[in-house]
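> Fold the following, please.
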Amino acid sequence: MDDSAVMRLRGASLAAALLIASILLPWQNLARAHVFVNRSEPRGGTTLGASPAQIRIWFDGPVESLFAAIRVESDDKRRVDNGNGRVNISDNRLLEVTLPPLPRGRYRVFWSVIARDGHRREGNFSFLIK
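So this is what the prediction gives:
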């Protein structure tokens, strides 16, 4: 193989590698952009001695405030939160809603968010007030 053929082969290999990288790198960023719950207050499954003033859920990445939802229901499926669920203005990783004083009983928190990559995550957890 002469030098010009080797140069053409190297150039073609480099072009192919760049093409593959340009296709795969955006997918790598999308996979990393999904959000997961870091923690919540109260934690799922917790038994509390008194009604919490609010429910707060922190995610490991920012969530879109326009598409975030959170609600709290009693055991008989009545909505009991104040209807003011939102992504915190100072921290776009925090979803929260306030609560009126709640009587003893089991409650379930339902949440749904969309990460910056457009992927939806949703879940729920319960807590008990003794």
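
> Give me the neighbour count for K130.
Using other Cβ atoms under 10 Å, K130 is surrounded by 8 other residues. Yep, even glycine has a C-beta here, placed from its N, CA and C like the rest.

> Surely it is in contact with T46?
No: K130 lies out of contact with T46 (Cβ atoms under 8 Å); the separation is 10.7 Å.

> measure the spatially most central residue of the chain to F110 for me?
With distances taken as Cα atoms, centre = their mean, V35 lies nearest the centre of the chain, 3.7 Å away. V35 sits 16 Å away from F110, going by Cβ to Cβ, to the nearest Å.

> what's the answer for R56, then?
15 Å.

> And for I89?
Distance from I89 to F110, by Cβ to Cβ: 22 Å.

> likewise P62?
The separation that P62 has from F110, given Cβ to Cβ, amounts to 21 Å.

> What about G44, how many residues nearby?
15.

> What is the burial count for the closest residue to it other than its chain neighbours?
Of all residues not flanking G44 in the chain, F125 sits nearest, at 3.0 Å (Cβ to Cβ, 6 or more residues apart in numbering). Here the count is done by other Cβ under 10 Å, and F125 has 18 residues near it.

> Is it correct that L102 is in contact with S51?
Yes: when contacts are counted by Cβ under 8 Å, L102 is listed as touching S51 (4.0 Å).

> if I look at these two, which residues touch both of them?
I129 (Cβ atoms under 8 Å, 6 or more residues apart in numbering).

> and N92, what is it in contact with?
Applying Cβ under 8 Å, 6+ apart, the residues near N92 are P62, V63, S65.

> actually R104, sorry about that
I129, K130 are the contacts of R104 under Cβ under 8 Å, 6+ apart.

> distance of it from E73?
Taking Cβ to Cβ, one finds R104 at 15 Å from E73.

> do the same with R39
For R39, the distance to E73 - Cβ to Cβ - is 21 Å.

> All set now, cheers.
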